[in-house]
Each structure stands twice: as C-alpha cells, then as structure tokens.
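*Asks:* Pasting the sequence and the predicted coordinates here, then a few questions.
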Amino acid sequence: MPKLKTRKAAAKRFKATGSGKFMRRHAFRNHLLDHKSPKRKRHLGTMAVVDERDADNVARMLPYSA
C-alpha cells in the first residue's frame with residue numbers, strides 16, 4: 001500500500017488537537033481593519049474549531065494528523 005500524500009494547502013490552514021478535532025483561523029482579519037472594533041479583532045485572532053460537518057473533509061486531506 002503506498003503512502004498517502006498530505007494536501008499541503010490544508011496542512012498550512014488546519015491543526016489537529018489532542019482530542020482529534022481540527023482548529024482553523026477566523027475569516028475577516030487580514031485587511032480593512034480600521035472600522036472593526038478592538039474586541040472584534042481580538043476574537044477574530046483566536047482559533048476556532050472546524051465544524052463537525054467539515055471535519056471529515058479536513059481529515060481526508062490530512063491523513064497522518066490524528
């Protein structure tokens with residue numbers, strides 16, 4: 001059986017937790033930040049859990065992550 005290849009674009013965007021879930025960045029925090037409140041920008045800077053409906057796709061792209 002050949003080795004499975006990791007989708008490198010996904011490897012840069014997602015990180016597996018110890019419990020097997022995947023973490024992702026929030027959107028809307030790269031430009032046009034002037035009018036956004038500091039609280040909003042601060043919360044957008046934290047990591048978010050990938051939704052369970054998308055987790056299967058992410059796991060398939062990262063075969064050796066968990």
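*Replies:* That came in fine, so what should we check first? Numbers count the residues shown, from 1 in each chain.
*Asks:* the strands in this structure, which residues?
*Replies:* 15-16, 22-24, 48-49 (DSSP state E).
*Asks:* To Tyr64, which of the ones you listed lies closest?
*Replies:* strand 15-16 (9.6 Å; CB to CB). For the C-beta atoms, the positions are set from N, CA and C on the backbone; glycine is no exception.
*Asks:* ok, and what's touching that closest one?
*Replies:* If you take CB atoms under 8 Å, 6 or more residues apart in numbering as the criterion, strand 15-16 is touched by Phe22, Met23, Met47, Leu62, Ser65, Ala66.
*Asks:* Report the contact partners of the second one.
*Replies:* The contact partners of Met23, taken as CB under 8 Å, 6+ apart, are Phe14, Lys15, Ala16, Thr17, Met47, Ala48, Val49, Val50.
*Asks:* Mind listing the residues bridging to the closest residue to Thr17 other than its chain neighbours?
*Replies:* Computed as CB to CB, 6 or more residues apart in numbering, the closest residue to Thr17 that is not its neighbour in sequence is Met23, at 6.1 Å. Counting by DSSP bridges, Met23 forms beta bridges with Lys15, Val49.
*Asks:* For the residue sitting nearest the centre point of the chain, which non-adjacent residue is closest in space?
*Replies:* For the chain, Arg24 is the residue whose C-alpha lies nearest the centre (CA atoms, centre = their mean; 2.0 Å). Among residues not flanking Arg24 along the chain, Val50 sits closest, at 5.2 Å (CB to CB, 6+ apart).
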